[in-house]
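Enquirer: With the sequence up front, the predicted model follows.
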Protein chains: 2
Amino acid sequence: MSSMKDVARLAGVSVSTVSRVINESIPVDENTKKKVLDAIDRLNYKPNLLAKGLRVKSGHLIGFIVPEISLHPFVNLINSMEEYVVRRGFNLILGNTQNDPNVEEMQIDHFIRRNVDGVVITRVSDESRILEIIDKSNIPFVAVDRELEMQELPSVVLDNYKAGVLAARHLRELGHRQFACITGPLNIKLCRERLNGFKDALAEDAIPFSRERVFEGDFKFNSGIKGMEYLFHQRIPITALWAQNDLMAVGCLKVLQQKGIRVPEDMSLMGMDDLEIARMVNPTLTTIKQPFKQMSREAVDILLRMRSGQDLKEKKVVLQPQLVKRSSTAPPITQPVYHNSSLDA
Amino acid sequence: MSSMKDVARLAGVSVSTVSRVINESIPVDENTKKKVLDAIDRLNYKPNLLAKGLRVKSGHLIGFIVPEISLHPFVNLINSMEEYVVRRGFNLILGNTQNDPNVEEMQIDHFIRRNVDGVVITRVSDESRILEIIDKSNIPFVAVDRELEMQELPSVVLDNYKAGVLAARHLRELGHRQFACITGPLNIKLCRERLNGFKDALAEDAIPFSRERVFEGDFKFNSGIKGMEYLFHQRIPITALWAQNDLMAVGCLKVLQQKGIRVPEDMSLMGMDDLEIARMVNPTLTTIKQPFKQMSREAVDILLRMRSGQDLKEKKVVLQPQLVKRSSTAPPITQPVYHNSSLDA
DNA sequence: TTGTAAGCGTTATCAT
DNA sequence: ATGATAACGCTTACAA
């Protein structure tokens, strides 16, 4: 790898001149400029990013902290985040915490030591500790997907309450009166909000919705299965079910199909996220779409705006969910599904 | 952020001493060591990785070039790659090429300028050009998943021929005699190898397998659908079908279910990869598992070994696929499924 | 065992 | 408009 020194020598100028033509920081005589450009070309010179980063205290790097990589919706976020980050001339560096606070701290540490220009973080485990770290480092942080409960860290989140409302209304308008909901972990605020939106929208229509109609899952496929089985055991009449993400909805679907309960004829089913899988299953899944691309764009924008010292218009940007109608929901045409005796066995 | 200088000052020693206790490069007096450690602790000092990387010409970074992020199997590879890379004390930097040779080149360039310690690359688009880049940079490269056709670049790949054999044998042993296969893009070597393995294993048993029993897909869900519809139109009797990845298999499944063809009773269906989705669909998918974790481990190992100047035992490590039996395959119990007239409409 | 100083490849300040 | 030079934060001969 050739360095600026090599270029300077070949062009017969000083390194500062080379630096100037590269960064266009200060006007340079057209003639010498040409010589330099020529030398750069011939040597196929590319500025070293570590040296530059060291000097200007910017690694031209955006860090992204995720609790898991291959899990949805993080894959989607990583994907769009990368796209948008490089479009802005940076690189994305990934930090998987595996839901371990210590790993999380370590990853953030690594980022800082690389002079990252900002980090977008999703799912902070031990809030206070992380916030402390964030505070003493003076690099920009933005929370995405899950906002912090305690603090006014800049964040971009979905209107999760609205998501619940959309789900409930859609089902209600179809004519359903007997609902259930499988949630994510209820210690996560966004899950409670989704549930609240769901409940409130039912209440608008004076539809009763009791505690035993809620199953607390963990956003994974298996808890869709667990939740569905729980609901059967409760012997609660249900014609419409909302799972707070697509993965769990697919879990429900599987149980329903195994029991020979038809979707949507016997039971309407909704998910949330609009993952690719929602279009792959049979029937295709009605769901609530999250605007992942837009979330990434906003997050990166906020970071870069903070970095350049600009004030943020809003510390918290909240994006709107969107109903996507597919074939897993329909008006109720049969009696509600009660307990299926095969389960007692 | 405090620097080594701060630590040195606080501990009353020189920076070199600090460096020594940190890197344990040269023995340091127990007493001064303690003082240094103390100062480090009090200042919460962490070495800057850019400075270090600049000096020792190692960014403590492994680059990973992928053609797409959220697509399988790259998600899986990214996941395990990240895990293994940080375990070895490095960070993973991601480069998404979006299947664009220019972007690919640009990403590699960025990596090099960051003094990456190595890059693992999957799916090289314009071979000759990339190889040139690799050649003149003297950083280690390893190809994963897809090997290069022309060159002896170190690579870790699956025994794809074997995968085809495993699929065919499993189906054959179940008693099937009438097969079809939906492949990935046949300009990709690995797809041809899978197909060859499949064919050869059928030939062992003198089972005829003609050209029209093959549909060339593109590894995406939709081409599973396309492939299945193609096969129906061909009016070829089939009782067993192998799709060269799970995504396409799920596409097939969807068409089959829509047509009321039962899996596995009327048709046995196999995929490949063993993605999570294989366990999520109904029936669960029999598939050929790829050892993603092991691939990542091997790739990173090779990189690190090359970096430290060690010779590689083999330039090419090939890993074994594994049959995973689930519920989408069974002995043929009915007449082969012919053309379904609903399709002509 | 410890310190001094040069150097990694940049950018930025100050002269010229 | 251009060139020396110091500095970014670290490692590593070389001296002491």
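Expert: Alright, I've got the coordinates.
Enquirer: which parts of chain A sit against DNA strand D?
Expert: A:12-17, A:20, A:26-29, A:31-33, A:51, A:54-55, A:57 (CB under 7 Å from any atom of the strand). To be clear about C-beta, it is placed using only N, CA and C from the backbone, and glycine gets the same treatment.
Enquirer: For DNA strand C, tell me which of the residues you listed show up nearby.
Expert: Within the residues of chain A next to DNA strand D, those near DNA strand C by CB under 7 Å from any atom of the strand are A:Val15, A:Ser16, A:Ala51, A:Leu54, A:Arg55.
Enquirer: Got phi/psi on the second one?
Expert: Dihedral angles of A:Ser16 (phi, psi; degrees, to the nearest 10) stand at phi -60, psi -40.
Enquirer: what's around it, how many residues?
Expert: A:Ser16 has 11 neighbours, counted by other CB atoms under 10 Å in any protein chain shown.
Enquirer: how about the residues of the stretch 51-200 of chain A that lie near chain B?
Expert: A:51, A:53-54, A:59, A:69-70, A:75-76, A:78-79, A:82-83, A:86, A:91-96, A:98, A:107, A:109-110, A:112-115, A:137 (CB under 8 Å from any CB of the partner chain).
Enquirer: So which of those residues sit within helices?
Expert: Using DSSP state H, the members of those that fall in helices are A:51, A:53-54, A:75-76, A:78-79, A:82-83, A:86, A:107, A:109-110, A:112-113.
Enquirer: returning to what we had before: narrow the residues of chain A next to DNA strand D to those in helices?
Expert: A:Val15, A:Ser16, A:Thr17, A:Arg20, A:Asn31, A:Thr32, A:Lys33, A:Ala51, A:Leu54, A:Arg55.
Enquirer: so which two of those residues are the farthest from each other?
Expert: Taking every pair in those and measuring CB to CB, the maximum separation is 31.7 Å, between A:Asn31 and A:Leu54.
Enquirer: The two - which one has more neighbours?
Expert: Remark: of A:Asn31 and A:Leu54, A:Leu54 carries more neighbours, 20 against 8, as counted by other CB under 10 Å.
Enquirer: tally of neighbours for whichever residue of the stretch 151-300 of chain A sits closest to DNA strand C?
Expert: The stretch 151-300 of chain A approaches DNA strand C most closely through A:Val300 (22.2 Å), counting by CB to the nearest atom of the strand. Neighbours of A:Val300 under the rule other CB under 10 Å: 27.
Enquirer: wouldn't it be in contact with A:Glu82 here?
Expert: No - contact criterion CB atoms under 8 Å: A:Val300 and A:Glu82 do not qualify, at 10.2 Å.
Enquirer: Mind giving me the PyMOL select for the residues of chain A next to DNA strand D, buried ones only?
Expert: Buried residues among those (16 or more other CB atoms under 10 Å in any protein chain shown), as a PyMOL selection:
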select buried, chain A and resi 13+17+20+28+32+33+51+54
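Enquirer: Kindly format the C-alpha coordinates of stretch A:75-93 as CSV.
Expert: Extracted in CSV, the C-alpha atoms of stretch A:75-93 (Å, rounded to 0.1, in the frame of the first residue of the first chain):
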residue,chain,number,x,y,z
VAL,A,75,-31.8,-8.9,10.5
ASN,A,76,-34.0,-6.4,8.7
LEU,A,77,-32.5,-3.5,10.7
ILE,A,78,-29.0,-4.6,10.1
ASN,A,79,-29.7,-4.8,6.4
SER,A,80,-31.2,-1.4,5.9
MET,A,81,-28.8,0.1,8.4
GLU,A,82,-25.8,-1.1,6.4
GLU,A,83,-27.3,0.2,3.2
TYR,A,84,-27.9,3.6,4.6
VAL,A,85,-24.6,3.9,6.5
VAL,A,86,-22.5,3.2,3.4
ARG,A,87,-24.6,5.5,1.4
ARG,A,88,-23.5,8.2,3.8
GLY,A,89,-19.9,7.3,3.3
PHE,A,90,-19.4,5.3,6.5
ASN,A,91,-19.0,1.7,7.3
LEU,A,92,-21.1,-0.4,9.7
ILE,A,93,-19.5,-2.3,12.5
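Enquirer: Check which residues of that stretch are buried.
Expert: A:75-86, A:90-93.
Enquirer: Now that stretch: average pLDDT?
Expert: Throughout stretch A:75-93, pLDDT has a mean value of 93.
Enquirer: ok, that stretch near DNA strand C or not?
Expert: No - remark: stretch A:75-93 sits outside contact range of DNA strand C, by CB under 7 Å from any atom of the strand, the gap being at least 13.1 Å.
Enquirer: Format the CA atom coordinates belonging to the helix or strand hosting A:Arg172 as CSV.
Expert: Using DSSP states H and E, A:Arg172 falls within helix A:160-174. Listed in CSV are the C-alpha atoms of helix A:160-174, where the atom choice follows Å, rounded to 0.1, in the frame of the first residue of the first chain:
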residue,chain,number,x,y,z
ASN,A,160,-46.6,0.6,19.2
TYR,A,161,-49.8,1.7,20.8
LYS,A,162,-51.1,2.5,17.4
ALA,A,163,-50.0,-1.0,16.2
GLY,A,164,-52.3,-2.5,18.8
VAL,A,165,-55.1,-0.3,17.7
LEU,A,166,-54.7,-1.2,14.1
ALA,A,167,-54.8,-4.9,14.8
ALA,A,168,-57.8,-4.7,17.0
ARG,A,169,-59.7,-2.4,14.7
HIS,A,170,-59.1,-4.6,11.6
LEU,A,171,-60.3,-7.6,13.4
ARG,A,172,-63.3,-5.8,14.9
GLU,A,173,-64.3,-4.4,11.6
LEU,A,174,-64.3,-7.9,10.2
